[in-house]
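Engineer: Predicted model and sequence follow; I will ask about them next.
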Amino acid sequence: MVATIQAASIWNIGIKTAAAQNMVALGFIEKQLGVTISWAEWFIAAAPYAVMMSFILYVVCMKMLPPETMEVAGGDETIRREREALGPMKPSEKKLMFISLGLLFLWVTEKTLHPLDTTTSTVIAVTLMPLPGIGIMNWKEAQARIS
């Protein structure tokens, strides 16, 4: 669990849209320096650091927090049973996956294939979710989750 939390923190730096503080930093950079950094530019600059730190995290955790067991008894069977219990993907889950992949595509191709910035493409994706016919969430669910 410690490694999972630390890995998330490492990759919050490696991916532009992974953490709110990145967007705050980008706003400051744009305001003070007049420079816009695309999703791909951020990834090219920050991902090598995140990969290196992930490797270091693995080595440190294996040295300082070695696993007590190498295999969980019945783990494979439990995972298979739980996956079967989930059943096939629901249409709303497929729509969410399609929107998420489209959003990732827009982020990665920012400044190269289209003029949309990260914020605009994110707002578009979030706006699609409660629209009639999409059915990922309704307005009441959205209101309950957003202050």
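Structural biologist: Good, I have the coordinates.
Engineer: any idea how far residue 77 is from the nearest residue in space to residue 35 that is not next to it in sequence?
Structural biologist: Distances taken as CB to CB, 6 or more residues apart in numbering put residue 29 closest to residue 35, at 5.8 Å, once the chain neighbours are dropped. Using the backbone N, CA and C atoms, a C-beta is placed for each residue, glycine as well. Note on residue 29: its distance to residue 77, by CB to CB, to the nearest Å, is 50 Å.
Engineer: host element of the residue nearest to residue 35?
Structural biologist: Using DSSP states H and E, residue 29 maps to helix 20-33.
Engineer: so how far is that helix from its chain's centroid?
Structural biologist: Remark: helix 20-33 is offset 19 Å from the chain centroid, using CA atoms, centre = their mean, to the nearest Å.
Engineer: State the mean pLDDT of it.
Structural biologist: Helix 20-33 carries an average pLDDT of 92.
Engineer: what's the residue nearest the centre of the chain in contact with, if anything?
Structural biologist: Most central in the chain under CA atoms, centre = their mean is residue 18, positioned 5.5 Å from the mean C-alpha point. Applying CB atoms under 8 Å, 6 or more residues apart in numbering to residue 18 gives the contacts 11, 12.
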